[in-house]
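In: fold the following, please.
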Amino acid sequence: MSWAIPRFDYLVEFAGASHAGRVRTSNEDVWRADPGLGLLAVADGMGGHAAGELAARIAVTQIGEMVRTPASLDILDKFAEAPTLAIWQAGTNAIFHHR
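Out: All right, here's what the predicted structure looks like:
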């Protein structure tokens with residue numbers, strides 16, 4: 001697939017695939033692409049651990065929700081206008097420390 005990254009002037013091509021592997025019978029990995037956010041997320045389901053597939057799904061969902069907040073989207077817009085380390089750090093703090 002290809003999409004133009006919002007807020008930036010370039011095209012991204014991506015593909016996703018996952019496999020249970022040689023040992024496990026089920027695949028617990030989760031990946032998601034959200035073109036509207038310019039977000040690609042991957043979570044390894046930790047096969048063999050209790051509810052690994054649930055943890056992976058929750059992680060990917062939560063990251064998407066955190067990035068969708070108005071404060072996070074504002075930071076992304078600012079970063080697109082002036083891509084500095086300070087703005088990137090403010091953005092990751094806003095996204096990952098949002099409560």
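
In: okay, which residue is most central for this protein?
Out: For the chain, residue 41 is the residue whose C-alpha lies nearest the centre (CA atoms, centre = their mean; 3.1 Å).

In: what's across from that one in the sheet?
Out: residue 32 (DSSP bridges).

In: so it sits against residue 14, correct?
Out: No. Using CB atoms under 8 Å as the test, residue 41 is too far from residue 14 to be in contact (11.5 Å). Glycine gets a C-beta too; all of them are placed from N, C-alpha and C.

In: list residues touching both of these two?
Out: By CB atoms under 8 Å, 6 or more residues apart in numbering, residue 41 and residue 14 have these common neighbours: residue 33.

In: which SSE is immediately downstream of the helix or strand containing residue 66?
Out: For residue 66, the host element (DSSP states H and E) is helix 52-67. Using DSSP H and E, the helix or strand that follows helix 52-67 in sequence is helix 70-81.
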